[in-house]
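# what would the 3D arrangement of this be:
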Amino acid sequence: MGLFSFFSKKDKEDLNKGLEKTKTSFLGKLSKTIAGKSKVDAEVLDELEETLVTSDVGVSTTLKIIERIEKRVAEDKYLGTSELNRMLKEEITTLLEENPMQTVSSFDFPKRSEPYVIMVVGVNGVGKTTTIGKLAHQFKSAGKKVVLGAADTFRAAAIDQLKIWAERADVQIVAQNMGADPASVAFDTCTSAKASDADVVIIDTAGRLHNKINLMNELNKIKKVMQKVIPDAPHEILLVLDASTGQNAVEQAKQFTAATEVNALALTKLDGTAKGGVVIGISDQFKIPVKYIGIGEKMGDMKLFDRVAFVDSLFEE
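Okay, the predicted model is just below:
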């Protein structure tokens with residue numbers, strides 16, 4: 001299946017602005033790679049490899065891209081450096097296409113018999129609470145009834161922050177006191193959402209990357225309790241990662257995918273970093289759809305990830 005873009009003109013303008021630091025850095029490094037060169041040779045490929053690695057694409061993904069370009073160069077020994085950008089764009093696009101297709105093109109969806117449950121995981125400081133608030137806003141703007149669950153009960157600040165976001169997004173929140181059983185909060189949230197005929201439930205969880213067995217047990221307990229109310233919950237286990245941390249985000253992805261069945265990713269803070277290349281590496285390494293990206297401070301700046309628009313923006317001068 002070929003790639004297609006569902007981004008509107010406004011979405012594309014927002015994305016271009018949000019990726020400005022990454023794009024400026026990436027294209028600047030590419031320009032230096034081919035400066036004064038006329039042909040794609042071993043030296044150019046070595047410099048391209050360094051460019052990709054230092055753009056936080058990651059070593060294994062970079063080597064995969066270089067290998068594919070080397071094959072194309074071998075087939076056409078007279079490829080000029082002027083064609084390098086086009087080749088690189090094509091290979092990155094192909095690489096992203098090999099990830100499971102993300103077919104959701106809108107925050108709207110047909111009415112379900114039971115609420116759609118999203119369980120959000122990730123370490124403290126990655127923008128987890130902000131992501132939940134912005135997703136709530138986007139679903140609410142699409143006409144959906146949203147209920148938030150403050151199941152990160154280990155920090156009073158986490159509960160208070162989520163309450164603030166619930167108020168901003170004008171959605172319902174279910175919360176207990178600090179120290180309460182997270183699974184109990186998740187149970188109450190699902191029960192309330194089902195009783196009120198809500199469309200979407202978003203459950204926050206504790207942002208601790210502690211002992212993997214403890215993390216796994218805790219998340220599994222939350223899942224089992226939710227399933228007493230909504231049998232196939234959670235429908236989405238969303239891992240939130242901070243793009244500005246580069247390869248640290250990759251390490252966090254390794255830890256959380258080992259601890260629970262993550263099936264969607266959100267990359268935050270892309271507007272404040274030149275490390276947006278990490279989106280490519282994470283998408284390739286984990287074969288988990290990058291579903292949402294954060295590209296600004298405004299409520300509407302949590303976007304559905306469009307791979308076509310992302311690659312186009314990255315290479316657009």
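# doesn't Phe256 lie inside a strand?
No - looking at Phe256 with DSSP: H, G, I helix; E, B strand; the rest coil, it is helix, so not inside a strand.
# which residues touch Ala74?
By Cβ atoms under 8 Å, 6 or more residues apart in numbering, Ala74 lies in contact with nothing. For glycine as for every other residue, the C-beta is placed from the backbone atoms N, C-alpha and C.
# which positions within the helix or strand in which Lys10 is found qualify as buried?
Lys10 is part of helix 9-18 when elements are defined by DSSP states H and E. Across helix 9-18, burial judged by 16 or more other Cβ atoms under 10 Å covers 11-12, 14-16, 18.
# I'd like those written out as JSON lines, with pLDDT and distance to Asp204 added.
What follows is the buried residues of helix 9-18, written out as JSON lines (pLDDT from 0 to 100; distance: Cβ to Cβ, whole Å):
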{"residue": "Asp11", "pLDDT": "76", "distance to Asp204": "26"}
{"residue": "Lys12", "pLDDT": "81", "distance to Asp204": "31"}
{"residue": "Asp14", "pLDDT": "87", "distance to Asp204": "26"}
{"residue": "Leu15", "pLDDT": "89", "distance to Asp204": "26"}
{"residue": "Asn16", "pLDDT": "89", "distance to Asp204": "31"}
{"residue": "Gly18", "pLDDT": "90", "distance to Asp204": "24"}
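# and the helix or strand following the helix holding Lys10, how far out from the chain middle?
Next helix or strand after helix 9-18 toward the C-terminus (DSSP H and E): helix 20-34. When distances are taken as Cα atoms, centre = their mean, to the nearest Å, helix 20-34 is centred 23 Å away from the chain's centroid.
# what of stretch 290-300?
Counting by Cα atoms, centre = their mean, stretch 290-300 is centred 9 Å from the centre of its parent chain.
# in it, what counts as buried?
Using 16+ other Cβ under 10 Å as the test for burial, stretch 290-300 gives 290-296, 299.
# now, which of those sits nearest Trp165?
Compare each of the buried residues of stretch 290-300 with Trp165 using Cβ to Cβ and the shortest gap goes to Met299, at 9.4 Å.
# where does the residue nearest to the spatial centre of the chain fall, secondary structure wise?
Centroid-nearest residue in the chain, with Cα atoms, centre = their mean: Ala266, separated by 2.2 Å. Assessed by DSSP H and E, Ala266 sits inside strand 264-268.
# and the average pLDDT for that strand is what?
The average of the pLDDT scores along strand 264-268 is 95.
# residues in contact with that strand?
Contacts of strand 264-268 (Cβ under 8 Å, 6+ apart): 126-127, 130-131, 236-243, 249, 253, 278-279, 282-283, 286, 288-294, 302, 305.
# tell me the gap between it and the middle of its chain.
A distance of 2 Å separates the centroid of the chain from that of strand 264-268, by Cα atoms, centre = their mean.
# who does it pair up with?
In the sheet, strand 264-268 lines up against strand 236-242 (parallel), strand 290-294 (parallel) (DSSP bridges).
# export it to CSV, keeping only CA atoms.
Below are the C-alpha coordinates for strand 264-268, written out as CSV (Å, rounded to 0.1, in the frame of the first residue of the first chain):
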residue,chain,number,x,y,z
ALA,A,264,1.2,3.4,20.0
LEU,A,265,3.8,6.1,20.5
ALA,A,266,3.6,9.8,21.0
LEU,A,267,6.7,12.0,20.5
THR,A,268,6.6,15.3,22.3
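# which strands and helices lie in contact with the helix or strand following that strand?
Once strand 264-268 ends, the next helix or strand along the chain (criterion: DSSP H and E) is helix 278-286. Identification of packing neighbours for helix 278-286 by 3 or more Cβ pairs under 8 Å, 6 or more residues apart in numbering; DSSP states H and E yields helix 59-75, helix 84-97, helix 247-259, strand 264-268, strand 290-294.
# mind running it again at 10 Å?
With contacts defined as 3 or more Cβ pairs under 10 Å, 6 or more residues apart in numbering; DSSP states H and E, helix 278-286 has these neighbours: helix 42-54, helix 59-75, helix 84-97, strand 236-242, helix 247-259, strand 264-268, strand 290-294, helix 307-315.
# mean confidence score for the longest one?
If I follow you right, that is helix 59-75. Here the average pLDDT along helix 59-75 is 92.
# buried residues in it?
By 16+ other Cβ under 10 Å, the buried positions in helix 59-75 come out as 61-62, 64-66, 68-69, 73.
# make CSV from the helices and strands packed on helix 278-286 and add distance to Lys163 to it.
Formatted as CSV, those follow (distance: least, Cβ to Cβ, whole Å):
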stretch, distance to Lys163
helix 42-54, 41
helix 59-75, 39
helix 84-97, 37
strand 236-242, 19
helix 247-259, 25
strand 264-268, 20
strand 290-294, 21
helix 307-315, 33
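# go through these and name the closest to Pro115.
Among the helices and strands packed on helix 278-286, the nearest to Pro115 by Cβ to Cβ is strand 236-242 (11.7 Å).
# next, the angle from the closest one to helix 278-286.
130 degrees (axes from the mean of the first three to the mean of the last three Cα atoms, to 10 degrees).
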